[in-house]
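Engineer: could you work out the structure for the sequence below:
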Amino acid sequence: MYILPAEKMAKFTAHGNIYGKAEIAGDERCSRYAHIFFGGILDSSLNADVSPEFILGSVMAHEAGHLLLGSNSHSRTGLMQSIWDGSHLQDMARRTPGFADAESRQLRSRLAERIRLDQTDEGNSDSYACTTNSPGSQH
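Structural biologist: Predicted coordinates:
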């Protein structure tokens, strides 16, 4: 994960204020990178009266969710909700946010698969051919 300062945000955020973006490769098992936009986090922290540390941690968990669950992994509630406005941030801060049970099971399964592939790979990064020709993104 790359945490980017406010001056780097414009390059990545064409529309509106987003907090992060996961780079999803053609083979989602190979997705490895996420950008976190700290300027947006600071702005929302001030507007919603929620600590930037809390928002940063939540955004990092959300983007890690995309890296493991894939691009179509938004949910209606919780950490994988796609839109986080001030009231959503305040609600998350009042309780401990988390992944839904099904998301948690899928995250553990995907992580175990990646660990298994990395262990059988023994340093050969081509063992499960990652395609990066046309990466998409998810936030």
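Engineer: list the buried residues in the helix or strand encompassing Ala112.
Structural biologist: In this assignment (DSSP states H and E), Ala112 forms part of helix 101-121. Within helix 101-121, the residues scored as buried using 16 or more other C-beta atoms under 10 Å are 103, 106-107, 110, 114. The C-beta positions use only the backbone N, C-alpha and C, and glycine is treated the same way.
Engineer: other SSEs contacting it?
Structural biologist: helix 52-69 (3 or more C-beta pairs under 8 Å, 6 or more residues apart in numbering; DSSP states H and E).
Engineer: next, the angle from the helix holding Ala112 to helix 52-69.
Structural biologist: Interaxial angle, helix 101-121 versus helix 52-69 (axes from the mean of the first three to the mean of the last three C-alpha atoms, to 10 degrees): 70 degrees.
Engineer: distance between helix 101-121 and the chain's centre?
Structural biologist: Its chain's C-alpha centre and that of helix 101-121 lie 16 Å apart, by C-alpha atoms, centre = their mean, to the nearest Å.
Engineer: then stretch 70-78?
Structural biologist: Remark: stretch 70-78 is offset 10 Å from the chain centroid, using C-alpha atoms, centre = their mean.
Engineer: go through it and flag the buried ones.
Structural biologist: By 16+ other C-beta under 10 Å, the buried positions in stretch 70-78 come out as 70, 73, 78.
Engineer: ok, now stretch 40-54?
Structural biologist: Residues 40-41, 43-45, 48, 50 are the ones in stretch 40-54 that count as buried (16+ other C-beta under 10 Å).
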